[in-house]
Every structure is written in structure tokens, then in C-alpha cells.
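Peer 1: Mind looking at a prediction? Sequence and model below.
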Amino acid sequence: MHIIIDCTTTQNQMSHHGVGVYTENLVKNIIKNKDIKISLLLFNGKSKIDPILEKKGSNVEVVRIGKVRKSDFLNYLWYLTQYLPNILKIKQKDSVYFCPYFWVGIPSIFIPTVLMIHDMILPIYNIYSEKSIFHNFGKKILYWIELSKTIFCKYVVVNSTQTKEDFLKYFPRYDKEKVKLIFLDGNLEGNDPNWDEKLPPDYKERGYFIYIGGTVYKNKNAKGVVDGYKDFVERLPLEKKPPYMIIAGGSFTKDNLVAKNFRKYIKDEGLEEKVIVTGFYEDEQVEQLLSHSIATINLSLYEGFGIALVNGMKAGIPVIAHDGSCYPEVLDDAGLIVNGLDRVEVGKAIFDVYADKELRETLIKKGLERGKQFSWEKTAKETLNVLKNI
């Protein structure tokens, strides 16, 4: 058997997003199988999987397909000129192509293909681009042109029951037996001594809550985190300095209009000295940022899986999450489920976790136990089984 895997999302701007983390960890575990021929498509240049490639076996080859390209509206051009020619060049009689990210191109017409669908968030919210209505319309056309190739895929892999249901709403004729549910995992690794360099000097005395890994897109509901935190602050005695609310992620410090409006909202709400926007953080800082926090808050209105929840559970802290999409499925009873659009409900949950030591300890214990059910090794094994079915 010969498996071709697109790994280019471990090299461009997607490398720190969910799809890049997914591809990185999936490949790390799949290439441990010495009895399968594996070809990894990579741009020229550095990749997050470079450390494991140094130890790869003779059954694994790296196929360079040209200089690094951002994932953007020119994806179809790069697919025709970089991806597809190389796929056809290395294709063998027993080849199967695994596509972790459909935007870069789905060669399902030319080679047996298994596609990973992370979510259906763009059509559900009609947010294909936030630059302008023209960008949104243009990218919407490109989205459906590419995703229409799904009907030729041998299997579709999804990461939650919610994603499976959403996918089948848009592709009701696709054989639901060929839509395979495979959970993902979190990604806690590394030990960066400078993990707290962007935190306030007195964070140890005051403590902090954290929202990590999100973006300023409306569906992520970062505003809901700020609103809930403000309600929490109002519940505290006036003379008490509240714990900080740390919002970590590169998109929050960008110069685009959405990010600027978000920061302005924090200031207008009088929270500028309490809500700290750190900007970009390294993967090696995640575990420490989480484990030193009081709790992690994730109020996204829609997620395909929710790696952030698993990260929180495995880091040994309480998790507060929105009651929607896949979150209840992933979290089960190992965290607090709230209406992320109800500032009072969110604020009360934050206060309860802060003030009730017994509740905190119960949530931590349940979270650590629930976290054991998620494993990248298991994800890779189940994905490999799907590929072998072809």
C-alpha cells in the first residue's frame, strides 16, 4: 500500500491553526508504520515535522513541490501547478491520497482520496472572508467548486458527531456509512522558560483566567469571554483586585479592523488593565500558560472538534465552554457548559470556579480522566484503518 499525504499546512500560516496541529500529529504517528510506503508532500523550506523526518525510515519519502505558498484565493492555481503534477508523478497502482485540508485541492478524480472535513463553519455562518462582501462572495464560489469534489472521495473523515451531521446536511447523497468519526487530541508539549514573558508582573498574586487559541472571527465569540469576565468582576468586592483575563493569540493584536474594534471594545468596557491581550505565543508555551491559570474559557459558537478543551483538561484546569456544536460531546460532564451569549451565566460560572475550591477540584479530576480518552496515536491508527479499507 502507498499513502500520499499533504503536509504543507505544517509550513505556512496554517501551521499554528487546528489543521496544522492535526496534520503534524497525524503524520508523526502514521509514519511509525514501517510496512507501508508513505510519500509526504512538502514545500521547500522548514516544517513543523522536520524533527521526525530526521529519523524517518526508508519507507518514507519527502516530495518537494515548490516554494512555500500561503493558503489563499490562489490555492487552485497552486493546486494545478504544484500539487497535482507531483501527485500524478508519484502515483502508483496501490496509491491512496489523504487530504487533511480541502482548500489546497482535492484530487479525488485522479486518485482514490480520503478527505478530512474539520467543520462546516464557513457555509453555516456565510463567513468565507471578512475583508469585504466581494471577497466573501468570491471565496464562497471557490469554496464550493473545490468542496464539490468530495462526492468522488472514497471516505470522509470527521472529528465529531456535530461535524458529521453538518456535512451530511450539505451532502445528503453522500453515503453516510463512508463518513468516519475519528476524535482528535490536544497538543501539550515543550517547556519554554519564557512562557510568562507577556503576562503582567503581578500575575502570581492575582492569578488569571485564560482564553487561548481563538481568533477575532464572530463565531469564536471572544466578545462573550470579555462580557462574562466583566460580570465576574462585578461580583467581587470592590476593594479586591480581580484575577486577570488573559487572551492569547496572534489574531487579537493584528492591525485589521476586526481586531482593532475588539481591543477598543475592551477599553470602552473599562477593562483595559484587567483583560490582557498577549498576541502570538509559541506551542511550547501552551501547557504552562494553561496549567498556571485558574480556568480556561472557550465560548466559540461553533467548532468542529475543540482541541482547546482537550488541552485544558489535560493541563489539569477547569474548563468553561459554550453549550453548542461539538463542545458538549467533547467535554461530556468534565467541565461547565454555559450559554456563551449570556454574560450573567458565563460570569456566574467563572465566579463559581474561582470561589468554590471543591468544584474546582472535582472539575480538574473529571477533566484529567476525560482527557485520557483522546490520543493522537489513536487518531492515527483509526485514520490508517480507513485508508487501508480502500
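Peer 2: Perfect, I can see it now. Numbering: from 1, shown residues only.
Peer 1: Let me see the mean pLDDT of stretch 287-303.
Peer 2: The average pLDDT within stretch 287-303 is 95.
Peer 1: CA atoms of that stretch as PDB?
Peer 2: What follows is stretch 287-303, C-alpha atoms only, in PDB (Å, rounded to 0.1, in the frame of the first residue of the first chain):
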ATOM      1  CA  GLU A 287       0.900  23.800  28.700                       C
ATOM      2  CA  GLN A 288       2.400  26.300  31.100                       C
ATOM      3  CA  LEU A 289       0.000  29.100  30.200                       C
ATOM      4  CA  LEU A 290      -2.900  26.800  30.800                       C
ATOM      5  CA  SER A 291      -1.600  24.900  33.900                       C
ATOM      6  CA  HIS A 292      -0.900  28.100  35.800                       C
ATOM      7  CA  SER A 293      -4.300  29.600  35.100                       C
ATOM      8  CA  ILE A 294      -7.400  29.300  37.300                       C
ATOM      9  CA  ALA A 295      -9.500  28.000  34.400                       C
ATOM     10  CA  THR A 296      -9.800  28.200  30.600                       C
ATOM     11  CA  ILE A 297     -12.800  29.700  28.900                       C
ATOM     12  CA  ASN A 298     -13.900  28.800  25.400                       C
ATOM     13  CA  LEU A 299     -17.200  30.200  24.200                       C
ATOM     14  CA  SER A 300     -16.900  29.600  20.500                       C
ATOM     15  CA  LEU A 301     -20.400  29.300  18.900                       C
ATOM     16  CA  TYR A 302     -19.200  26.700  16.500                       C
ATOM     17  CA  GLU A 303     -16.200  24.300  16.400                       C
END
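Peer 1: Distance from the chain centre to that stretch, please.
Peer 2: 13 Å (Cα atoms, centre = their mean, to the nearest Å).
Peer 1: secondary structure class for the closest residue in space to Leu188 that isn't next to it in sequence?
Peer 2: Nearest residue to Leu188, sequence neighbours excluded (Cβ to Cβ, 6 or more residues apart in numbering): Glu287, at 4.1 Å. Just so you know, the C-beta spots here come from the backbone N, C-alpha and C atoms, and that holds for glycine as well. Recorded secondary structure, Glu287: helix (DSSP: H, G, I helix; E, B strand; the rest coil).
Peer 1: burial of Glu287, as a residue count?
Peer 2: Neighbour count of Glu287, defined by other Cβ atoms under 10 Å: 21.
Peer 1: ok, now Lys372?
Peer 2: Neighbours of Lys372 (other Cβ under 10 Å): 9.
Peer 1: Equivalent analysis for Leu290, please.
Peer 2: 25.
Peer 1: correct me, but it touches Val319?
Peer 2: No - applying Cβ atoms under 8 Å, one finds Leu290 not in contact with Val319, separated by 9.8 Å.
Peer 1: what is in contact with these two at once?
Peer 2: Thr296, Gly312 (Cβ atoms under 8 Å, 6 or more residues apart in numbering).
Peer 1: domain assignment for this structure?
Peer 2: 2-185+375-389, 203-371 (automatic domain parsing).
Peer 1: could you dump those domains to CSV with distance to Asp196?
Peer 2: CSV is the format used below for the domains of the chain (distance: least, Cβ to Cβ, whole Å):
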stretch, distance to Asp196
domain 2-185+375-389, 19
domain 203-371, 7
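Peer 1: Can you check which of those domains gets nearest to Asn194?
Peer 2: Ranking those by proximity to Asn194 (Cβ to Cβ) places domain 203-371 first, at 7.7 Å.
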